[in-house]
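Engineer: next one to model:
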Amino acid sequence: MPFGGGGGGDLPNHEHSPAVPLDGGPLDMNNVTGGSLNQGSITFSDGAALQELIKPAVPAGEVLTFAPAATAPSWGSAGGATVAVQTVWNSATFTTTAGSPTNVTSMTLTGTLAIGNTIVTGCGSVSSPFGGHVMQMYLAAAGSQMGVGNYEKSGTDPLGGYCQWGMTVFVSSAIQTYTYQILTSNSISEARVQGAAAQSVGCNLQIMEIA
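Structural biologist: Numbering: from 1, shown residues only. Modelled structure (predicted):
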């Protein structure tokens with residue numbers, strides 16, 4: 001609604017509410033309307049009037065947050081996933097003739113997160129000087145096998161030679177022990193899991209915990 005004032009001419013039309021007819025044009029907030037706000041501040045409604053949320057003096061990566069029970073937004077530290085990664089290598093060749101699942105020496109990791117999910121991976125190579133038997137490779141959580149075992153040397157396969165294997169299992173996180181296990185079909189057979197002093201050679205076990 002135009003009105004006169006102090007010889008300065010009419011105040012340009014502006015709009016207080018779209019519900020009021022002939023209330024003038026919309027309030028232009030793009031580099032025209034002034035406000036007593038600090039630089040970088042933003043405004044929010046408290047349900048009755050506009051309020052100012054002042055930009056932090058040192059944001060340092062802070063983000064705008066709104067807690068479920070809060071009545072106003074605020075600045076806070078940026079959240080994100082917690083990721084914990086552990087890797088272990090088999091430092092020396094491991095040999096077993098046990099006819100039951102056997103933990104491979106040194107290939108054991110303990111989870112650190114009680115919530116979230118864990119990606120358990122293992123890879124490497126295994127061999128045997130015997131034919132006519134089965135060797136199975138497993139990843140295990142708290143002593144219980146998980147995933148599908150690979151195998152070699154069944155029937156009349158040639159003796160010796162390393163078989164490459166790789167496995168990935170996705171499980172719920174827990175503060176528990178993860179291991180790599182080897183299983184021979186009988187106690188007479190022999191399984192050899194390759195290891196070496198240098199990393200990237202031989203077998204490895206890794207857990208990636210995400211919460």
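
Engineer: starting at the chain centroid, how far to the helix or strand of the chain with the lowest mean pLDDT?
Structural biologist: Sorting the helices and strands of the chain by mean pLDDT, DSSP states H and E puts strand 144-152 at the bottom, at a mean of 77. Chain-centre distance of strand 144-152: 25 Å, with C-alpha atoms, centre = their mean, to the nearest Å.

Engineer: I'd like to know which elements the next helix or strand after it is packed against.
Structural biologist: Next in sequence after strand 144-152, counting helices and strands by DSSP states H and E, comes strand 163-172. If contacts are counted by 3 or more C-beta pairs under 8 Å, 6 or more residues apart in numbering; DSSP states H and E, strand 163-172 sits against strand 117-127, strand 135-141, strand 144-152. Every C-beta, even on glycine, is put in place using the N, C-alpha and C of the backbone.

Engineer: what about the closest residue to T97 other than its chain neighbours, neighbour count?
Structural biologist: Leaving aside its sequence neighbours, T97 sits nearest to E190 (C-beta to C-beta, 6 or more residues apart in numbering; 5.0 Å). For E190, the neighbour count with other C-beta atoms under 10 Å is 17.

Engineer: what residues are up against E190?
Structural biologist: 95-97, 128-130, 184 (C-beta atoms under 8 Å, 6 or more residues apart in numbering).

Engineer: domain parsing for the chain?
Structural biologist: 42-76, 83-210 (automatic domain parsing).

Engineer: winner for burial among the ones you listed?
Structural biologist: domain 83-210 (a mean of 17; mean count of other C-beta atoms under 10 Å).

Engineer: just the endpoints, please. Distance across it?
Structural biologist: Domain 83-210 has an end-to-end distance of 5 Å (C-alpha to C-alpha, to the nearest Å).

Engineer: so how far is that domain from its chain's centroid?
Structural biologist: 24 Å.

Engineer: now T108: how far from L139?
Structural biologist: 11 Å (C-beta to C-beta, to the nearest Å).

Engineer: what residues are shared contacts of these two?
Structural biologist: Common neighbours of T108 and L139 (C-beta under 8 Å, 6+ apart) are 178-179, 205.

Engineer: for the protein, what spans make up the helices?
Structural biologist: For the chain, no helices are identified by DSSP state H.

Engineer: mind listing the strands for it?
Structural biologist: 42-45, 50-53, 63-65, 74-76, 83-89, 94-96, 102-110, 117-127, 135-141, 144-152, 163-172, 177-184, 191-193, 204-210 (DSSP state E).

Engineer: helices or strands up against the fourth one?
Structural biologist: Packing partners of strand 74-76 (3+ C-beta pairs under 8 Å, 6+ apart): strand 63-65.

Engineer: repeat for the longest one
Structural biologist: The helices and strands touching strand 117-127, judged by 3+ C-beta pairs under 8 Å, 6+ apart, are strand 135-141, strand 144-152, strand 163-172, strand 177-184, strand 191-193, strand 204-210.

Engineer: so which of those gets nearest A84?
Structural biologist: strand 204-210 (4.4 Å; C-beta to C-beta).

Engineer: mean pLDDT for the domains of the chain: which is lowest?
Structural biologist: The stretch with the lowest mean pLDDT among the domains of the chain is domain 42-76, at a mean of 80.

Engineer: between the two ends of that domain, how far is it?
Structural biologist: 15 Å.
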